[in-house]
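# coords please:
(2 chains)
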There are 2 protein chains.
Amino acid sequence: MTAAQVEAGEGPLAIICGGGSLPFAVADAVTRRGRPVFLFPIRGWVDPQAVARYPHYFIEFGHYRRFQRRAREAGCRDVVMIGTVLRPALRQIRFDWEVLRELPSIVRMFRGGDNHLLSILARLFEKRGFRFLGVHEVAPEILMPQGAIGRREPSARDRADIARGVALISAIGPFDVGQGVVVADNYALAVEAAEGTDLMLERIVELRAAGRVRSALGTGVLVKMPKPGQDRRFDLPTIGPSTVAGVARAGLAGIAVMAGTTIVAEPAQVAVAADAAGIFVTGIAAEEPVP
Amino acid sequence: MTAAQVEAGEGPLAIICGGGSLPFAVADAVTRRGRPVFLFPIRGWVDPQAVARYPHYFIEFGHYRRFQRRAREAGCRDVVMIGTVLRPALRQIRFDWEVLRELPSIVRMFRGGDNHLLSILARLFEKRGFRFLGVHEVAPEILMPQGAIGRREPSARDRADIARGVALISAIGPFDVGQGVVVADNYALAVEAAEGTDLMLERIVELRAAGRVRSALGTGVLVKMPKPGQDRRFDLPTIGPSTVAGVARAGLAGIAVMAGTTIVAEPAQVAVAADAAGIFVTGIAAEEPVP
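I've put the predicted structure just below:
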């Protein structure tokens, strides 16, 4: 491969992989589109057996120089970063000198929120000639479409709860809090912060068991959307069959996410699980004035 | 007692009591100020033995007519409502006809947030000639003063976290969510909604155990303040020794609350517990621009 071909982004797509099945779903979608992939699983987060069927090279958190060398050798210019990686404590990361040079800005980013962390990592890589892409750019088919997945549709009451949730997430956006809330009967039962969506849903189960949820079973909506101003190349909200299971356990009516900016892991299973549980999963248009 | 004396609020103060020790702290403070009290413990929430040393009459949630009759007999015009009462589900309350007449507005309030519930209850009572007062009006000595209780003071970093927390609570205020957040290193770890402060603090303990809190032990602040526009006669934020214990378990640096609008249950024990745990408990002025 010539330097010009690499520069044009014709080489393999480098996929930096965190945990979960999502990196493989992206790799498969990109492959189906005819573009080769090269995976960079983060050690400790990715099952070596699962990654074995792709060309790959294990990397460590903080060892960016090795990634860069190996990615260049593979002819990669474009990079996607996807999968679960809990942000480690600064003191737990062993940085190479590539990163140490940037240390002042990295320390600053660790005092900001998640957005900043990932954006600064991206800038670090882009200074070295790589280009960061979002999943929506390389595999749009794994994003949530507009409208319902599965048979159920939100009721008028659900739509009011969705509108309330969208407004609440927008209000907390500047604070880099979470991407999710649970609203039932116009009342915010839970706001997601560091605990993540799954634990937030577990909380609803516990509050219900303790008699502290007024709204009836089968009412209430999990609303997820990207934080305003979030760099959509990283950390898009994600739902999957386990989200459906959590929402069903929490006794809610359904799930509403932004169409086009939410990743749906295993959409077919999501539809089956939603129908079986009798809940709706709907993609709302970003510009749609929710009634 | 003459009708004129009752009208002037010279009769005993009626205290509708939920759970916890706070109703008795208020009753004792009001008594020390020379005003008699008459307690109306809500059945199921108040220990009959603890209330036995006060003139009292047990009432049920929803049976407002009996309360009104008995309060009039006792010469009460002013009413304070205090203590823990989890909002029951509408279907669990047996209403008397006094309330049934107001049913449409009560159903509306149950679809709003907590603020509305209590404000509408107050309006119901005020239509019948009672006057609702806040704890700050009858026993201001149980409110948080400005500055630190105990020896510790917040650091510059803590002050930045406090400012962030105040701004975040202000942003979610219009949504009638909770009154508390935990901010550490400028990052919101948790936002309180239906679960309440104690469970939110437990969550920090669990997130820490799971390695999902980046900030070091001894950093981070619990910030509590009334929701903007909240009717301060009801549901003021409250802290006590158990809040200090929860914050210590969560590994935070301290507690910041609005001075003058936060109830401190057992302030002496709060100071002792805070000093023993090495955490600060500070009252910030509502108008103070937190640096």
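# Report the contact partners of residue A:248.
Counting by Cβ atoms under 8 Å, 6 or more residues apart in numbering or on different chains, residue A:248 makes contact with A:273, A:277-279. Placement of C-beta: from N, CA and C, glycine included.
# can you pick the most crowded of the residues you listed?
For these, the largest number of neighbours (other Cβ atoms under 10 Å in any protein chain shown) sits with residue A:279, at 24 neighbours.
# Once you drop chain neighbours, what's closest to it?
Spatial nearest neighbour of residue A:279, chain neighbours left out: residue A:254 (4.5 Å); criterion: Cβ to Cβ, 6 or more residues apart in numbering or on different chains.
# Give the bridge partners for the one you found, please.
Beta bridges link residue A:254 to residue A:221, residue A:280 when assigned by DSSP bridges.
# Tell me if I'm right that it and residue A:221 touch.
Yes. Applying Cβ atoms under 8 Å as the test, residue A:254 and residue A:221 come out as touching, 5.7 Å apart.
# Which neighbours do those two have in common?
Common neighbours of residue A:254 and residue A:221, using Cβ under 8 Å, 6+ apart, are A:154, A:158.
# Just give me the neighbour total for whatever residue of the stretch 151-291 of chain A ends up closest to chain B.
Taking Cβ to the nearest Cβ as the measure, the point where the stretch 151-291 of chain A comes nearest chain B is residue A:191, at 3.9 Å. Other residues near residue A:191 come to 30 when the count uses other Cβ under 10 Å.
# One more: residue A:209?
Applying other Cβ under 10 Å, we find 9 residues neighbouring residue A:209.
# and the stretch 101-250 of chain A, which of its residues are near chain B?
Taking Cβ under 8 Å from any Cβ of the partner chain as the contact definition, the stretch 101-250 of chain A meets chain B at A:110-113, A:164, A:167-168, A:171-172, A:174-178, A:181-182, A:185-195, A:199, A:203, A:207, A:211-214.
# Mind checking which of those land in helices?
Mapping these onto helices (DSSP state H) picks out A:110-111, A:164, A:167-168, A:171-172, A:199, A:203, A:207.
# May I see those arranged in CSV, with pLDDT and neighbour count as well?
Formatted as CSV, these follow (pLDDT from 0 to 100; neighbours: other Cβ atoms under 10 Å in any protein chain shown):
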residue, pLDDT, neighbour count
A:110, 51, 19
A:111, 52, 15
A:164, 95, 22
A:167, 93, 15
A:168, 93, 22
A:171, 89, 19
A:172, 89, 25
A:199, 92, 17
A:203, 95, 22
A:207, 92, 20
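# Just name the closest of those residues to residue A:238, please.
Proximity of these to residue A:238 (Cβ to Cβ) peaks at residue A:199, which lies at 14.9 Å.
# before we move on, back to that, quickly note the distance from the residue nearest to residue A:279 to residue A:152.
Separation of residue A:254 from residue A:152 (Cβ to Cβ, to the nearest Å): 6 Å.
# Quick one: low-confidence residue ranges for chain A.
Within chain A, the segments meeting pLDDT under 70 span A:1-9, A:62, A:85-121, A:229-230, A:235, A:287-291.
# rewinding a little: could you give the number of residues near the residue nearest to residue A:279?
Neighbours around residue A:254, by other Cβ under 10 Å: 29.
# Distance across stretch A:275-283, terminal residue to terminal residue?
For stretch A:275-283, the first-to-last residue distance is 16 Å (Cα to Cα, to the nearest Å).
# Relative to the whole chain's centre, how far out is it?
Between the centre of stretch A:275-283 and the centre of its chain there are 20 Å (Cα atoms, centre = their mean, to the nearest Å).
# For it, give me every contacting residue.
A:144-154, A:158, A:162, A:218, A:239, A:244-245, A:247-248, A:252-260, A:262, A:270-271, A:274.
# If we use 6 Å, what do you get?
Residues from elsewhere that reach stretch A:275-283, judged by Cβ atoms under 6 Å, 6 or more residues apart in numbering or on different chains: A:144-146, A:148-154, A:247-248, A:254-256, A:259, A:274.
# Wait, residue A:139 touches residue A:28, no?
No. Contact criterion Cβ atoms under 6 Å: residue A:139 and residue A:28 do not qualify, at 8.6 Å.
# Give me the more crowded residue out of those two.
residue A:139 (24 against 14).
# which residues touch the more buried one?
By Cβ under 6 Å, 6+ apart, residue A:139 lies in contact with A:26, A:29-30.
# what's the burial count for residue A:35?
With neighbours defined by other Cβ under 10 Å, the count for residue A:35 comes to 16.
# and the closest residue to it other than its chain neighbours, what is it in contact with?
In this structure, residue A:35 finds its nearest non-sequential neighbour in residue A:13, 5.7 Å apart by Cβ to Cβ, 6+ apart. If a contact means Cβ under 6 Å, 6+ apart, then residue A:13 has A:30, A:35, A:37, A:78 as its contacts.
# Repeat that for residue A:83.
A:17-20, A:22-23.
# So which of the residues you listed is the closest to residue A:124?
residue A:18 (17.6 Å).
# mind checking how far the residue nearest to the closest one when sequence neighbours are not counted is from chain B?
Nearest non-adjacent residue to residue A:18, counting by Cβ to Cβ, 6+ apart: residue A:83, 2.9 Å away. Distance of residue A:83 to chain B, computed by Cβ to the nearest Cβ, to the nearest Å: 16 Å.
# Tell me how far residue A:83 lies from residue A:172.
For residue A:83 relative to residue A:172 (Cβ to Cβ), the value is 25 Å.
# Check residue A:280 too.
Per Cβ to Cβ, residue A:280 is found 24 Å from residue A:172.
# So which residues of the stretch 101-250 of chain A form strands?
Listed in chain order, the strands of the stretch 101-250 of chain A (DSSP state E, counting those that start in this stretch) span A:131-132, A:147-149, A:180-184, A:187-191, A:221-224, A:238-239.
# just checking, what packs against the fifth one?
Read it as strand A:221-224. In terms of contacts (3 or more Cβ pairs under 6 Å, 6 or more residues apart in numbering or on different chains; DSSP states H and E), strand A:221-224 is packed against helix A:156-172, strand A:180-184, strand A:254-258.
# Quick check: buried residues in the longest one?
In other words, helix A:156-172. Across helix A:156-172, burial judged by 16 or more other Cβ atoms under 10 Å in any protein chain shown covers A:157-166, A:168-169, A:171-172.
# Now tabulate the residues you listed in CSV and tack on distance to residue B:130.
Below are those laid out as CSV (distance: Cβ to Cβ, whole Å):
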residue, distance to residue B:130
A:157, 35
A:158, 39
A:159, 39
A:160, 34
A:161, 35
A:162, 40
A:163, 37
A:164, 33
A:165, 37
A:166, 40
A:168, 35
A:169, 40
A:171, 36
A:172, 38
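# Kindly check the end-to-end length of stretch A:232-242 for me.
Using Cα to Cα, the end-to-end distance of stretch A:232-242 comes to 23 Å.
# Quick check: buried residues in it?
Neighbour-count burial for stretch A:232-242 [16+ other Cβ under 10 Å]: A:233-242.
# Those residues: which two are farthest apart?
A:233 and A:241 (25.1 Å).
# can you give me the helices in chain A?
Taking DSSP H as the test, the helices found in chain A are A:3-7, A:22-32, A:48-51, A:64-73, A:97-100, A:103-111, A:114-127, A:135-138, A:156-172, A:196-209, A:241-249, A:267-277.
# check contacts around residue A:73.
If you count contacts by Cβ under 6 Å, 6+ apart, residue A:73 has none.
# can I assume residue A:79 is in contact with residue A:130?
Yes. Counting by Cβ under 6 Å, residue A:79 does reach residue A:130; the two are 5.1 Å apart.
# neighbour count winner among the two?
For the pair residue A:79 and residue A:130, the greater number of neighbours falls to residue A:79 (22 against 19), based on other Cβ under 10 Å.
# That one: what's it in contact with?
Neighbour list for residue A:79: A:14, A:130, A:132 [criterion: Cβ under 6 Å, 6+ apart].
# go on, residue A:201?
Taking Cβ under 6 Å, 6+ apart as the test, what residue A:201 contacts is A:246, A:250.
# Find the nearest non-adjacent residue to residue A:147, please.
Excluding its sequence neighbours, the residue lying closest to residue A:147 (Cβ to Cβ, 6+ apart) is residue A:283, at 6.0 Å.
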